[in-house]
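Peer 1: My questions concern the predicted model and sequence given below.
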Amino acid sequence: MSLNLFGEYCKERYGHVLEEFKGGFFTYGIIPYENKNVLFVNDYYVTPKERGFTSKHGSRKLFNKLKTIAKEKKCSSIAGNVWLDSNNGNEMLRLFLFLGFKAENGNGKQIMITYNME
């Protein structure tokens, strides 16, 4: 399945937008929360070659793209979930915490993460 087709599916089924960048992609939706907009990340993927903590890695590109979109859409925060029982779940949680996200709550397998834009 191509990313274009996946993007069409996400938009039609869930109203989500697919953003692609060199080394990965993510899907998101804007949701209202306490009279503010939140950019909620639904899916994200960074190729193994592009994973890492430095500015040249795709992980940082994903984060920078998220911040740019959140500013454009006047969002107060970025949020998403990390599933610890998925492949690389613990690695993704460490990465998001390194990038400044906060772990808000969870149920053992799933942890909600947020990044304050204000």
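Peer 2: Looks like it arrived, so ask away. Residues are numbered from 1 along each chain as shown.
Peer 1: What is the burial count for residue 2?
Peer 2: 7 (other CB atoms under 10 Å). All C-beta spots, glycine's among them, are computed from the backbone N, C-alpha and C.
Peer 1: Find the nearest non-adjacent residue to residue 11, please.
Peer 2: Distances taken as CB to CB, 6 or more residues apart in numbering put residue 17 closest to residue 11, at 6.7 Å, once the chain neighbours are dropped.
Peer 1: so residue 87 sits in a strand?
Peer 2: No. Counting by DSSP: H, G, I helix; E, B strand; the rest coil, residue 87 is not found in a strand; it is coil.
Peer 1: how close does it sit to residue 48?
Peer 2: According to CB to CB, to the nearest Å, residue 87 stands 11 Å off from residue 48.
Peer 1: hmm, who's touching stretch 101-111?
Peer 2: Defining contact as CB atoms under 8 Å, 6 or more residues apart in numbering, one finds that stretch 101-111 is touched by 78-79, 81-85, 93, 97, 112-116.
Peer 1: CA atoms of it as CSV?
Peer 2: Presented in CSV, the C-alpha positions along stretch 101-111 are these (Å, rounded to 0.1, in the frame of the first residue of the first chain):
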residue,chain,number,x,y,z
PHE,A,101,7.2,15.6,26.1
LYS,A,102,5.8,14.7,29.4
ALA,A,103,4.3,11.3,30.3
GLU,A,104,0.8,12.2,31.6
ASN,A,105,-0.9,9.0,32.4
GLY,A,106,-1.2,5.4,31.3
ASN,A,107,-2.5,2.0,32.0
GLY,A,108,0.6,-0.1,31.9
LYS,A,109,0.8,-0.7,28.2
GLN,A,110,-0.2,2.7,26.9
ILE,A,111,1.2,6.0,28.1
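Peer 1: Pick out the residue nearest the middle of this structure.
Peer 2: Geometric centre of the chain, nearest residue: residue 41, 3.9 Å, by CA atoms, centre = their mean.
Peer 1: show me what contacts that residue?
Peer 2: Residue 41 is in contact with 26, 27, 28, 66, 78, 79, 80, counting by CB under 8 Å, 6+ apart.
Peer 1: who wins for neighbours among those residues?
Peer 2: Busiest of the contacts of residue 41 [other CB under 10 Å] is residue 28, holding 26 neighbours.
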